[in-house]
Structure formats: structure tokens, C-alpha cells
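[1] need the 3D shape of this:
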Amino acid sequence: MSGSPPGPSPALARQILQRVGEIGQPPEVGVEYLNVGNESFLRVLDREYLEPIAELGRGSSFKLVQAYFGGGKTHFLMCVRQRAWRRGFASAVIGLSPDECPFDDPQRIYQAVARELSWAPRDPLVPPARGIEHALRTAIDDRREQLGDDELRAWVDRDLRRLTVDAPSFRAAVRAFVIAELDQDFDTQDLVVAWLRGDPVAPTEVRHLGIRESLTRTNGFRMVRSLCQVLQGMGSPGLLLCFDELDRNLSLPPRRRRAVADNLRQLIDLCGREALPGLLCLYAVPPEFMRHVVTEYPALQQRLEGPSALSERSPQAAVIDLERLDLGAEELLVRIGLRLLELYRVGRDADLDPALQERNLRSLAEEVLAGSFEVAHRRAFVKAAVDLLHRQSAEQRPVSHGELSELAGHGGAVVMLRGGDGFDEF
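    Down below sits the predicted model:
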């Protein structure tokens, strides 16, 4: 289940190259074909957390992931998600922001989880279908294939309605959704989906379905717990939740920062006492979050501090420090470049000389590192490396110093449009 995946298809390789070449961000699907340097962290999470949850259906854990802007936080979360998907987990990767999804509001946290919930895509060229309704339909279709319609109805009445959940209204909503799916009652299904996503629904509209509670700020985490319980009841080994705390969240006023810290402490405690069954929760932050938020709240600091960060020797540690990767900065970029070279060979059917291109990629890595003092050089490098491979496919040769400077500079530059380009009217 967790072994190495087969190689990418040419179409997927081209899709990955396009994604990283355009914006320097990890692909939605296929990130494992590009990943290097963090394998030891992934092995620990897989062996110590995902595998036991998948085998036993119990346990829950929280890990704080820290790295500077451009230091691979989102990339790492995607890698963990890929491993969780291979073990059959549902997942939700949520970008936190002060306006769209603040972590100081449990109601909006649940809404974000319901909006981003997904299973592994069946087609690697198609991004995962997000949303609690798509996740439930996938689970229903899998069980329907095993049982048939009649036995599925019996399972709903016999097992699903008796499933232990913190919020009985949540269980009633899921039960109503399954029955509406079987009956093709689309009006009822749309109404239940709105309630499950946390949209405003009048209590009188859903009371006849056994739904007697509405989502509020005070019961947001209880709804997340109920979601974990229902997913396991429907056959999932567990749930991976990834929260990506964007740098600008550090500008929150003190009152909201305290609410974030309190909610984070509550989430850690829920994982600690296994009140969120089968959950692995990752919360990614820049190091400034540790210095300016965590240290202000002793109750949170006590839960996160420890003698060391997570590693093969300290698998129980609460903090994953992406500044301590398996490879040094230059070797990391070179290995990424070699992964891109392999993707280019597969996706473009290009006959590139491996030895020559490795020398070119190493020269590019040295140039990018020499001109950057920030970890964000990784993003500049992958964009420049894809550009380099395109040039080399037309004419293979040792890359010149002038070309290296041009490539390294354009990794983070903006191409200026001129009037002659035909955009004057805009």
C-alpha cells in the first residue's frame, strides 16, 4: 500500500513540468515524482502514524510543521497527503488566511474542512473532487458496489443510524444524504449538502430529517469530530487534515492571535486524548509563528516544546522542522533538477545527455544559491531548471555563464509587457 508508485505517464509528467515551470509550486497530483530531501520525515509519519491508524482504526496525532516562506511547507503537506491517499485516507488541505479562513473561528474551520475534503483521484490527470458531498458519494459508490442497493439501505438503517457520533444531527444529515442518493431525491440532497457544508439553512427545513442543530462557532470542533467518526463508519481508515498558515496571519491583532492559540491548543488536546479518531493533523507555520505567537501563550508552548524536533530518533516530537532536511542546499537543488530532467525525458520524449544536463543543473544550482539569501530560491530554481531543459532540448551544450545569470535572475522576475505586444488597449 505505501510502496513506491509506478512512474508517471507522459501526460502527467508534462502536467507537472507545466505547473512548476509556470509558478514554481508543487503539482496537485504527482508531487512524489518531484520530491527529494524530506524522505526521513515522510517515513516517520508513514510508519509511526498513518500505518497504525490504517491498521487499527485508532489513534490521533498533531504535528506542527515549520519552514520559512518558500521553504517547502505546502510541498511537504502535498507529499504527506499523497501517502495518506495511498492508504485510503480522506484528506483536506486548507490554506488559512485572516479573511477567508481564519483559525480563530471554529465554525469557519469546519466549513473549510467540509469544502476541501477529498479522496485520492481515480485519474491522476484530474485534480481531486473537493467537497463533503463528493467524498460521501465516493464512499456510497464503493459500498454500493460491495453490497448492492437493497443491502446498502439495510446498512443505513442497521449500522449508520446507530453509529456513535458527538453530534447526532450530523449523523442524521449523512443518513438523509445516503437515502436521497439512493432515491435520486435531488432536492433533499441539495438541502442536506448545504447543511453539511455549513451554509445557512433554516432549522424548519431540515427538522423532519432528524437534524435539530445548526453549525455555530461553539460547535465547530464537535462537527469536525463527528466528521471523523462518520468517515470511519463509512469505511475510511482515517482523515488527514493539513492547515497551511500563511505568513500574513502574523499580523492579526492580539485578541485574534489569542483565539488562534486557544483553538490550536484545543485541537492538540483533542488529538492527545483521541477524541478525533483516526486523525493526523498537520499545521504548517513560518518560524515567526513559534517566536511571536506560541511563546505568548504558555499553555500552547508547553504542548509543543520538546528536547528535539521530529526525526527517526525522535518520532514522537510535536514539531517538524523543514529547515533540517536530509540534504544540503546545493545537493537538494541538484536532486530536484534531476527529477525534473527525468520528468522532461518522459513527458517530452527528449533524448537529453544525463551527464551533461547534470553538470548544467549543478551549475544552475550554484548560480541560484550565490544570488539568493532566502529559502525561496527553491521556487526560483525549479522555474529556471524547466526553462533550461526547454533550451537544451533544442540545442544540447554546456550552459554559459551569461545564460546562467539570465536563468537565475528570471526565476523570480516579472516579464514586462511593451506597447508593441498588442495590449495597449488594456
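
[2] look up how far residue 388 lies from residue 340.
    For residue 340, the distance to residue 388 (Cβ to Cβ, to the nearest Å) stands at 9 Å. Bear in mind the C-beta positions are built from the backbone N, C-alpha and C, glycine included.

[3] mutual contacts of those two, please.
    residue 361 (Cβ atoms under 8 Å, 6 or more residues apart in numbering).

[4] which residues does the residue nearest the centre of the chain contact?
    For the chain, the residue sitting closest to the mean C-alpha position, by Cα atoms, centre = their mean, is residue 93 at 3.6 Å. Residues in contact with residue 93 (Cβ under 8 Å, 6+ apart) are 77-78, 81, 116, 242, 244.

[5] pretty sure it sits in a strand.
    Yes. Assigned with DSSP: H, G, I helix; E, B strand; the rest coil, residue 93 falls within a strand.

[6] how close does it sit to residue 131?
    Counting by Cβ to Cβ, the gap from residue 93 to residue 131 is 13 Å.

[7] what sits in contact with each of the two?
    With Cβ under 8 Å, 6+ apart as the test, residue 93 and residue 131 both reach residue 116.

[8] where does pLDDT dip in the stretch 1-150 of the chain?
    Applying pLDDT under 70 to the stretch 1-150 of the chain flags the ranges 1-5.

[9] all helices for it, in order.
    Along the stretch 1-150 of the chain, counting by DSSP state H, counting those that start in this stretch, helices occupy 10-23, 39-45, 51-56, 73-86, 106-116, 132-147, 149-158.

[10] nearest to residue 279, out of those?
    The closest of the helices of the stretch 1-150 of the chain to residue 279 is helix 51-56. By Cβ to Cβ, the value is 8.0 Å.

[11] would you mind listing the buried residues in the closest one?
    51, 53-54 (16 or more other Cβ atoms under 10 Å).

[12] ok, stretch 132-141 next?
    For stretch 132-141, the neighbour count (16+ other Cβ under 10 Å) marks 132-133, 135-140 as buried.

[13] which two from those residues end up farthest apart in space?
    Going by Cβ to Cβ, the pair spanning the buried residues of stretch 132-141 furthest: 132 and 140, at 12.3 Å.

[14] which one of the helices of the stretch 1-150 of the chain lies closest to residue 409?
    Distance to residue 409, taken as Cβ to Cβ, is lowest for helix 10-23 among these, at 16.2 Å.

[15] mind listing residues that contact the closest one?
    Helix 10-23 is contacted from outside by 8, 25-30, 33-34, 124-125, 340, 343-344, 346-349, 382-383, 386-387, using Cβ under 8 Å, 6+ apart.

[16] can you give me the end-to-end distance of stretch 314-328?
    21 Å (Cα to Cα, to the nearest Å).

[17] buried sites along that stretch?
    Residues of stretch 314-328 classed as buried: 317-322, 325 (neighbour count, 16+ other Cβ under 10 Å).

[18] so for it, mean pLDDT?
    On average, the pLDDT along stretch 314-328 is 93.

[19] before we move on, what about stretch 227-242?
    94.

[20] quick one: terminal-to-terminal distance for it?
    Start-to-end, stretch 227-242 (Cα to Cα) is 15 Å.

[21] if I look at residue 70, how far off is residue 24?
    Counting by Cβ to Cβ, the gap from residue 70 to residue 24 is 9 Å.

[22] can you give the domain ranges for this structure?
    Here the domain parsing of the chain from automatic domain parsing is 1-36+327-413, 38-133+218-321, 139-190+202-209.

[23] just give me how far the shortest one sits from the chain centre.
    In this case it means domain 139-190+202-209. 28 Å (Cα atoms, centre = their mean, to the nearest Å).

[24] do the same with the longest one
    Taking the mean C-alpha point of domain 38-133+218-321 and that of its whole chain, the gap between them comes to 9 Å (Cα atoms, centre = their mean).

[25] burial check on the residue lying closest to residue 109 once chain neighbours are set aside, number of neighbours?
    Of all residues beyond its chain neighbours, the one nearest residue 109 is residue 220 (5.6 Å), with distances taken as Cβ to Cβ, 6 or more residues apart in numbering. Residue 220 has 20 neighbouring residues, counting by other Cβ atoms under 10 Å.

[26] show me the contacts for residue 220.
    Here residue 220 is in contact with 105-110 (Cβ under 8 Å, 6+ apart).

[27] leaving out the residues flanking it, which one is nearest to residue 104?
    In space, and not counting its chain neighbours, residue 104 is closest to residue 259: 3.5 Å by Cβ to Cβ, 6+ apart.
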